[in-house]
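Asks: Whatever this is, show me its structure:
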Amino acid sequence: MTSTRRWFRGALLVCPLALMLNGCVGPSQAPTSMSRGDANVNMTPVPQGRLPLPPGEYLNVTWLPDGTIAVNYVADPGNMQRQTQPLKIYRLRPDGTEMGAISLPEQPGCVRTDYIVEGVLPDGRLVAGRDCLTGRPGDAGHSEAIAIDLDDGQVTSLAPLGAYSVTVAWRPQSSEGVASFAGGLCDSITAIGSSGFLPTSEPVTIDGLTWYLDAVFRPGFEFSDSPALCTAYGRARDAQYTPDGQTIAFFASPDSIGVAGRTRENVPWNLYLATPAAGGRLLNPASIRKVFTGIRDPHGMALSRDGRWVSVAGDPESDLVGTWLIDTVTGHARLLGKGSVNTTAFSPDERQVIAAVFERPGSLESYLEVYTLPGR
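Replies: Numbers count the residues shown, from 1 in each chain. The predicted structure follows:
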């Protein structure tokens, strides 16, 4: 989501805005890790420019097929009155002009309806999460995944999400997809269909460690304040499909197993590719292969249309927080720009990456930065 961070009033949850991944490091190649001084890491930032937009908080950005940009925007995010108002989706031109809110309906029975940008379907429709807050004591509200046709304004429900704050990617030519929950200690992924979540019946082994990737979605799971919460599980997040639906990409942290409390958040993540499976199984465990290692808090992952390039916000070292471009064929990584980032997205021609960048650590104020990719 992550998240990439999905915005719920009073909380930031990772939310990846990703499209598709195709092409990968071959079986004979070892996965690459990011570290200073590594010949596979280019630390020279690329040309970049900040869009001339009103101050405020920009979150969950994606680039639409017609070249316009969709983003969540909150003016004066530090104002508590603003934080009680519905979260809206805005559309703007790639030069930052003609920014305006998209008109979307309030849901019956909801005191507030939030719309959260998530990505784009192959047919060009905008994918979003729609959150309903009822205002009733003890009722956390409910969410659903939707598709928005920006030409005629038609909104189509894709799947119920219950009270979970997740981001969903849909497998092309299929009625199933994958839902990613990013919550720090218990990041999980699960298969999803039009009727909702599809918990798996079997654990998965990654790098010799076995756990249920769908931990928080399993029957009987309960959140708590215990430092032992989810200690028995690894973590997984930001799952997406290639354009042909034949490969699923996701981040996972097997080494989180056995690590308790906030220390889990410091355990690095790896990028994996696998063959999807139908019927709620999500993926074929025997096909899992690691293509990149050693990123702390990866989020906001986006994938180029041809699938070779991955843009992701992450922290391979404490002083290298920023947006990275990973070549899944060569294993090379390029620093696009420094700064704490919410989400990233590729332009339709794949020559640029846009990111929602926070003004400074701990600030709610953010802006949209466009990076020009060399040699593209």
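Asks: hey, let's count contacts and neighbours off CA atoms from now on
Replies: Will do.
Asks: And the nearest residue to T190 once chain neighbours are set aside, its phi and psi?
Replies: Closest residue to T190 apart from its sequence neighbours, by CA to CA, 6 or more residues apart in numbering: D214 at 4.9 Å. Dihedral pair for D214: phi -100, psi 40, per degrees, to the nearest 10.
Asks: What values do phi and psi take at N266?
Replies: The phi and psi values for N266, taken as degrees, to the nearest 10, are phi -90, psi 0.
Asks: for it, what are its contacts?
Replies: Contact partners of N266, counting by CA atoms under 8 Å, 6 or more residues apart in numbering, are 296-297.
Asks: surely A228 meets A260?
Replies: Yes: between A228 and A260 there is a contact at 5.3 Å, judged by CA atoms under 8 Å.
Asks: Those two: which is more packed in?
Replies: A260 (17 against 14; other CA atoms under 10 Å).
Asks: who's in contact with that one?
Replies: 227-231 are the contacts of A260 under CA under 8 Å, 6+ apart.
Asks: 7 Å - rerun?
Replies: When contacts are counted by CA atoms under 7 Å, 6 or more residues apart in numbering, A260 is found next to 227-228, 231.
Asks: Among these, pick out the one closest to T156, please.
Replies: The closest of those to T156 turns out to be T231 (CA to CA; 37.9 Å).
Asks: Need the phi and psi values for the closest one.
Replies: Per-residue torsions, T231: phi -60, psi -30 (degrees, to the nearest 10).
Asks: just checking, it touches G258?
Replies: Yes: using CA atoms under 7 Å as the test, T231 is close enough to G258 to be in contact (5.1 Å).
Asks: what about those two, which has more around it?
Replies: T231 (18 against 14).
Asks: From A260, how far off is the more buried one?
Replies: Using CA to CA, to the nearest Å, one gets 5 Å for the distance from T231 to A260.
Asks: Tell me which helix or strand V46 sits in.
Replies: Following DSSP states H and E, there is no helix or strand that holds V46.
Asks: Spatially, and excluding backbone neighbours, which residue is closest to I248.
Replies: Per CA to CA, 6+ apart, closest to I248 is Y241, 4.5 Å.
Asks: Next, the one you found: phi, psi?
Replies: Per-residue torsions, Y241: phi -110, psi 160 (degrees, to the nearest 10).
Asks: A286 too?
Replies: As for A286, its main-chain torsions (degrees, to the nearest 10) stand at phi -70, psi -20.
Asks: got it, and G162?
Replies: The phi and psi torsions at G162 (degrees, to the nearest 10) take the values phi 60, psi -140.
Asks: ok, now which ones touch it?
Replies: Contacts of G162 by CA under 7 Å, 6+ apart are 142-143.
Asks: and it, what are its bridge partners?
Replies: Here G162 sits in beta bridges with S143, going by DSSP bridges.
Asks: Next, V216: secondary structure please.
Replies: The assignment at V216 comes out as helix when based on DSSP: H, G, I helix; E, B strand; the rest coil.
Asks: Can you read off the pLDDT for it?
Replies: On pLDDT, V216 comes in at 94.
Asks: need the contact list for the spatially closest residue to it that is not a sequence neighbour.
Replies: Spatial nearest neighbour of V216, excluding adjacent residues (CA to CA, 6+ apart): S188 at 6.3 Å. Contact partners of S188, counting by CA under 7 Å, 6+ apart, are 180-182, 213-216, 235-237.
Asks: Ok, T190 next?
Replies: With contacts defined as CA under 7 Å, 6+ apart, T190 is in contact with 178-180, 197-199, 213-214, 282.
Asks: and it, what helix or strand is that in?
Replies: For T190, the enclosing helix or strand under DSSP H and E is strand 188-193.
Asks: quick one: average pLDDT of that strand?
Replies: The model assigns strand 188-193 a mean pLDDT of 94.
Asks: Can I get that strand as PDB, trimmed to CA atoms?
Replies: The C-alpha trace of strand 188-193 is given here as PDB (Å, rounded to 0.1, in the frame of the first residue of the first chain):
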ATOM      1  CA  SER A 188       0.900 -10.200   4.600                       C
ATOM      2  CA  ILE A 189      -0.300 -11.000   1.100                       C
ATOM      3  CA  THR A 190      -3.300 -13.200   0.100                       C
ATOM      4  CA  ALA A 191      -5.200 -14.200  -2.900                       C
ATOM      5  CA  ILE A 192      -8.500 -12.300  -3.500                       C
ATOM      6  CA  GLY A 193     -11.500 -12.900  -5.700                       C
END
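Asks: Buried residues, the host helix or strand of A302. List them.
Replies: If you go by DSSP H and E, A302 is part of strand 289-303. For strand 289-303, a neighbour-count test (16 or more other CA atoms under 10 Å) marks 289-303 as buried.
Asks: what's the answer for stretch 190-201, then?
Replies: Per 16+ other CA under 10 Å, stretch 190-201 contains these buried residues: 190-193, 196-200.
Asks: just how off-centre is that stretch within its chain?
Replies: A distance of 18 Å separates the centroid of the chain from that of stretch 190-201, by CA atoms, centre = their mean, to the nearest Å.
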